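In: sequence plus the predicted model coming up.
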Amino acid sequence: MKQFYHFIIKEFYHIFRDRKTLLILLGMPMAQIVIFGFALSNEVKNAHITIVNQSNGAASMKLVQKIESSKYFETYNQTTQTSDIEKMFRKGTIKVALVIPPDFDKTILAQNSSRLQIISDATDPNVATTLTAYLSIIVADFQKELNQPNSIPYTINVETRMMYNPQLKGAYNFVPGVMAMVLLLVCTLMTSLTVVREKELGNMEILLASPVNPLIIILAKAVPYLLLSIINIITILLLSYFVLEVPINGSLALLFAVSILFILVSLALGLLISSVTDTQKAAMFISLIVMLLPTVMFSGFIFPIENMPLPLRVISNIIPAKWYFIIVKSVMIKGLGFSLIWKEVLILTGMMLFFFTMAIKKFKIRLS
Amino acid sequence: MEKFVSEQPAIVVSSVSKSYTTGKTVVKALDNISFEVERGSLFGLIGPDGAGKTTLFRILTSLLLFDKGQAMVDGFDVIADYKTIRKRIGYMPGRFSLYTDLTVQENLQFFASIFETTIEENYDLIKAIYAQIEPFKDRRAGKLSGGMKQKLALSCALIHRPSVLFLDEPTTGVDAVSRKEFWDMLKTLKQEGITILVSTPYMDEANLCDKVALIQAGTILGINTPENITEQFPKTIYRVRNDNMHALLQEAKQWAFTEQVYPFGEYHHVVIRHGVAEPVFPAEVEAGKIHPGIEDVFIDLMRDHEQ
């Protein structure tokens, strides 16, 4: 026990004396939350729109005003020539255009029917779809207002409700993703590097020639990073709650418990990597390419797993971050309890035990 | 800790062979090595870089498996009883292997704790060495000078009072004064009953050992006390000098009585061919008979080995 204690103290000395790395470790989650929260948002706001109003009647003016007052659109470069639209698309000054034909006001009054044209720049299909949908909703809304005085015999009113995330905020999705990514980086990358560094610098040669148990060497490396990661979780949760206004609907204690479980999985993975590599370069390569990349791709936080072909969906099951991402979304956003996430928790526990056993088994008690 | 007074040697190496495979080439690091080190003695392994000294150290400290043979340290097999051996030995690798970002004191404290002992418990053993670096105990190990690093590394290797101490080239890269101090310390440790196996590429340090093994290309060329090694050397050696040392080296090779000639400091050493009683040197050459040193023996053995 005393051995273990001194080992941990030593690890803390290593971490605290490497100020730059420590700063990166503690600053990284903040930077990522801010970057994902404000810069890399896929929400559409203030999209540039050109409204080609060739009708200029009372009804069309009302529609234009309605669009202008929406926070999703910002009118840009008014024109009456449809030929200008393509020029603007080419320059990239607008994302979407609405064409109100000259007979709009006339036909809407006389024939109770009229036509509008929405043209959007589909180089980014997600943005194009979103903007088209927003515009259609505004038009439908406008139509309803027109109809109010004289009711139509049959109308179906669709009432949509966006559960758990009524404002469709991207933060609800990426905060759990950033948590998974940061924990993986800190735990897996840093622990594997710190063990392999001792091999590279020759410290391991003395440690191996001493009676100290490999289990102690391995566990002592993990403890400081466990504590650092808990600090990181707290930072992320505070930032997301107060700055990005993402609520924590479920039990905070449960959220912490599963996060610690995921930290343990990542630590075990880091230790396993360090057991099978001999150079920091190799450890870094495996941690980043073999671990971080699949985490970003297969956890479902950027690309929805449901849309992937079957083989990739199968592969995604072995990525620990996928299960953690599901758990955090369930607990934090949906407010679910343990009874609904036990399956995922069980999978993560199994992974942790597997990685940890492998790490100890693969630990070399001799050089080479 | 109990003192071992058994008759059994501290280190027994019998017919140990070890080869490395790098790509498709197999390199023989150790070829059928055998020797014994008596308890409480200072045993030197003398040989150039790449002779296999470090490999031998790693085998004896249970860090490396080998292909053939058997090795016992303190009565235990280095492979089967590696756990027991790791409690009893002190090991100082050739490369400085302490934590450079920890202070002198923290390093010592850490190594005391992993051997489940305390600095206080064995302070008397390391006192003579540690006292010299104690004024810098709050300095980071990476900022120490070469000599001080070696003293700290030795202190850490001794903190648990090992019965056998392995020092792999402890004086390489250390200044002459520190080297002398270091060897003085080893003598003190020997008096404490600790068996010491030390390797060095410096021939002059061989004279400070009780026994030396000359090692070259994975084989032991000879084992004896330093005195016997030089005294039993059967050949006569002259040192020669004149104004043009380079030309002299070429010229000396042509002399009828020359078996071998090689530069040696300010002189060239000429090994006299067997059977020549009194060699006659040219007039302009300053020549004198000398006692062969360990280096002369080594060079001669190396030459024989190569042939």
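Out: Now that the structure is in, tell me what you want to look at. Numbering: from 1, shown residues only, chains lettered A, B, ... in the order given.
In: from now on I want contacts and neighbour counts done on CA atoms only, so please keep to that.
Out: Fine.
In: quick one: residues contacting whichever residue of the stretch 51-200 of chain A sits closest to chain B.
Out: Of all residues in the stretch 51-200 of chain A, the one sitting closest to chain B is A:Glu198 (8.8 Å; Cα to the nearest Cα). Going by Cα atoms under 8 Å, 6 or more residues apart in numbering or on different chains, A:Glu198 touches A:Met204.
In: could you report the distance from it to B:Leu98?
Out: A:Glu198 sits 10 Å away from B:Leu98, going by Cα to Cα, to the nearest Å.
In: which stretches of the stretch 1-150 of chain B form strands?
Out: Per DSSP state E, counting those that start in this stretch, the stretch 1-150 of chain B carries strands over the ranges B:11-22, B:25-37, B:42-46, B:68-73, B:76-77, B:89-92.
In: go on, chain A?
Out: Remark: strands assigned in chain A by DSSP state E are A:47-53, A:73-75, A:96-100, A:117-120.
In: spatially, which residue comes closest to the residue in the stretch 151-300 of chain B that chain A sits nearest to, not counting chain neighbours?
Out: Ranked by Cα to the nearest Cα, the top residue of the stretch 151-300 of chain B for proximity to chain A is B:Ala157, at 8.7 Å. Ranked by Cα to Cα, 6 or more residues apart in numbering or on different chains and with sequence neighbours excluded, the top spatial neighbour of B:Ala157 is B:Gly90, at 4.8 Å.
In: quick check: the residue of the stretch 1-150 of chain A nearest chain B.
Out: The nearest approach of the stretch 1-150 of chain A to chain B comes at A:Gln3, 5.2 Å away (Cα to the nearest Cα).
In: who are the contact partners of that residue?
Out: A:212, A:216, B:113-114, B:116.
In: ok, the residue sitting furthest away from the middle of chain A - contacts?
Out: Distance to the chain centre peaks in chain A at A:Ala110, reaching 50.6 Å (criterion: Cα atoms, centre = their mean). Residues near A:Ala110 by Cα under 8 Å, 6+ apart: none.
In: for chain B, which spans come out with low pLDDT?
Out: B:1-7 (pLDDT under 70).
In: in it, which spans are helices?
Out: B:53-60, B:82-88, B:104-114, B:123-133, B:146-158, B:176-191, B:226-231, B:245-254, B:294-306 (DSSP state H).
In: now check the second one, is it near chain A?
Out: Yes. Helix B:82-88 lies within reach of chain A by Cα under 8 Å from any Cα of the partner chain, at B:83-84, B:86-87.
In: name the helices or strands packed onto that helix?
Out: Applying 3 or more Cα pairs under 8 Å, 6 or more residues apart in numbering or on different chains; DSSP states H and E, we find helix B:82-88 packed against strand B:76-77.
In: near chain A at all, the strand it packs on?
Out: No. Figure legend: strand B:76-77 not in contact with chain A (Cα under 8 Å from any Cα); closest approach 14.4 Å.
In: what sits up against that strand?
Out: Contacts for strand B:76-77 (Cα under 8 Å, 6+ apart): B:70-71, B:82, B:84-85.
In: repeat that for 10 Å
Out: Strand B:76-77 has contacts (Cα atoms under 10 Å, 6 or more residues apart in numbering or on different chains) with B:10-12, B:60, B:62, B:70-71, B:82-85.
In: strands paired with that strand, and their directions?
Out: Partners of strand B:76-77 in the sheet, by DSSP bridges, are strand B:68-73 (antiparallel).
In: buried residues, the partner strand. List them.
Out: By 16 or more other Cα atoms under 10 Å in any protein chain shown, the buried positions in strand B:68-73 come out as B:68, B:70-73.
In: contact partners of it?
Out: If you take Cα under 10 Å, 6+ apart as the criterion, strand B:68-73 is touched by B:9-19, B:30-37, B:56, B:59-62, B:77-82, B:84-85, B:88-89, B:163-164.
In: make it 8 Å
Out: For strand B:68-73, using Cα under 8 Å, 6+ apart, the contacting residues are B:10-18, B:32, B:60, B:77-78, B:85, B:164.
In: got the angle for it vs helix B:53-60?
Out: 70 degrees (axes from the mean of the first three to the mean of the last three Cα atoms, to 10 degrees).
In: residues in the stretch 251-368 of chain A within reach of chain B, list them.
Out: Residues of the stretch 251-368 of chain A lying close to chain B (Cα under 8 Å from any Cα) are A:365-368.
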